[in-house]
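**Q** the sequence and its predicted three-dimensional model are supplied below.
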Amino acid sequence: MRAHTQHMPLTVRAALLLFAAGVLVAVSARAAASGQEEEGAVDPEVAACKQQCARQPQFGAAERRRCVERCDEYGRAKREAETGEEAERERDRCLHECRVGPPKPGCERRCREAYDRATRGRGGVAPAW
């Protein structure tokens, strides 16, 4: 009988630890999602990734946090890539407008400068053309 009570505190501690880890993951995911909602809609791939992190029973609290961080990193990289593609499309549209019709002095330079401003700070390097 005494052996049973000795294991009970360990079981209770383990259950509390798992509960706390689950709460932490849920709070982290909610905080990350609310941060993304300010920027726009939550990416369904990132949300699914975070749900998978929360559902991994073999993960400890630190592993779950790292998993959620990786999901966020993926989401940031994906948004940066999409932003770069949008900037390239806008640059190409602008250059096309410059080349159509009568000459427009300085037009291509303004297009390139706008593209450089849009891509600066993303970690990407604007092409040298």
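**A** Yep, it's here. Note that the structure is a prediction, hence the values are computed from the model and not measured.
**Q** can we go C-alpha only for contacts and neighbour counts from here?
**A** Noted.
**Q** so residue 101, which state does it fall into?
**A** coil (DSSP: H, G, I helix; E, B strand; the rest coil).
**Q** phi, psi of it?
**A** Main-chain dihedrals, residue 101, degrees, to the nearest 10: phi 80, psi -160.
**Q** against residue 86, how distant is it?
**A** 25 Å (CA to CA, to the nearest Å).
**Q** of these two, give the one with the bigger neighbour count.
**A** Using other CA atoms under 10 Å as the criterion, residue 101 and residue 86 rank with residue 86 on top: 15 against 8.
**Q** any idea which element the more buried one lies in?
**A** helix 61-99 (DSSP states H and E).
**Q** output the contacting helices and strands for the helix or strand just after that helix.
**A** For helix 61-99, the following helix or strand on the C-terminal side (DSSP H and E) is helix 107-119. Using 3 or more CA pairs under 8 Å, 6 or more residues apart in numbering; DSSP states H and E, the elements in contact with helix 107-119 are helix 61-99.
**Q** give me the helices and strands touching the helix it packs on, please.
**A** Using 3+ CA pairs under 8 Å, 6+ apart, helix 61-99 sits against helix 2-39, helix 44-54, helix 107-119.
**Q** and that helix, average pLDDT?
**A** Average pLDDT, helix 61-99: 91.
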